[in-house]
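Asks: What would the 3D arrangement of this be:
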Amino acid sequence: MDISELFIYGVGLLAQILFSVRILLQWISSERAGKVLSPASFWTTSLIASLLLMVYGTLRNDPVIIGGQAVSYFIYLRNIKLKNMWNDLPIPVRWGAVLLPFAAAAWLLWGDTYSFSYILEHNKISGSLIAWGGLGQVVFTLRFVYQWWYSERLKESVIPNGFWIISLLGSLMIISYAIFRLDPILFLGQIFGVVAYSRNFMIGLRENKASQQPSAH
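Replies: Here you go, the predicted model:
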């Protein structure tokens, strides 16, 4: 493995570490509270990790990874706003967070090296595997679409129990994609997630059960 490959895997590993840290912090907070929480750190860490993973996907010529992060990124931004944190961020950070994905999209569409057409031509992934990985990313992304819809209804950032069910399904699909793709970064990142998603689902079930029990008088 040469230096360039080490750098690429390093970027991906850092992204997955941040994703794991956000889940770990959310998990610990939820365990302490006895209910599923949506801490602000979950969304800010997600935003940074998503940017890094998009860079990793670009360097790996992997359209599945890039596409999987594109929608989630803006949902992370929306949750930061629902947490009333957006106006507390420095103006350059806010502008950068909004404009950077558009700059990246322009680069992918019209750039020479690592443009989207270049990635499709040099990805060395079969069409069927791209379809399967893409479907896994769609399912994985739908969890945040569902969370976004649920939060917009309540006008606050929350993580419903259905989020964890969708997460588990999407994660297992991506793990199988990572195995066929021979991508250790994706695989390691998702393995930890499966444990955390399962535990959060159990906490959510316990919370729902407790809320449905009549209070003692």
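Asks: Mind checking what helix or strand follows the lowest-mean-pLDDT helix or strand in the chain in sequence?
Replies: Within the chain, no helix or strand scores below helix 116-122, which has a mean of 63 by mean pLDDT, DSSP states H and E. The first helix or strand that comes after helix 116-122 along the chain, using DSSP states H and E, is helix 127-154.
Asks: So which elements touch that next one?
Replies: helix 63-82, helix 161-181 (3 or more CB pairs under 8 Å, 6 or more residues apart in numbering; DSSP states H and E). From N, CA and C alone the C-beta is placed, and that goes for glycine too.
Asks: Which one of these lies nearest to L47?
Replies: helix 63-82 (4.5 Å; CB to CB).
Asks: Now do the helix or strand immediately after that closest one in the chain against helix 63-82, angle only.
Replies: Using DSSP H and E, the helix or strand that follows helix 63-82 in sequence is helix 91-110. Interaxial angle, helix 91-110 versus helix 63-82 (axes from the mean of the first three to the mean of the last three CA atoms, to 10 degrees): 160 degrees.
Asks: Same question for helix 91-110: list its buried residues.
Replies: Within helix 91-110, the residues scored as buried using 16 or more other CB atoms under 10 Å are A97, P101, A104, L108.
Asks: what's stretch 30-48 in contact with?
Replies: For stretch 30-48, the external contacting residues (CB atoms under 8 Å, 6 or more residues apart in numbering) are 18-19, 21-23, 25-26, 29, 72-73, 76-77, 79-80, 83, 85, 97, 151, 157-159, 161, 164, 199-200, 203-204, 206-207.
Asks: List the buried residues for that stretch?
Replies: Under the neighbour-count criterion of 16+ other CB under 10 Å, stretch 30-48 has S30, V36, L37, S38, P39, F42, W43, T44, T45, S46, L47, I48 buried.
Asks: how many other residues sit next to the nearest residue to P160 once chain neighbours are set aside?
Replies: Leaving aside its chain neighbours, P160 sits nearest to Y150 (4.8 Å; criterion: CB to CB, 6 or more residues apart in numbering). Number of residues near Y150 (other CB atoms under 10 Å) recorded here: 17.
Asks: now do L6
Replies: Neighbours around L6, by other CB under 10 Å: 11.
Asks: Report the secondary structure element holding it.
Replies: Short version: L6 belongs to helix 3-33, going by DSSP H and E.
Asks: before we move on, the earlier item: if we compare the helices and strands packed on helix 127-154, which one ends up closest to I91?
Replies: Checking these against I91 by CB to CB gives helix 63-82 as the closest, at 14.7 Å.
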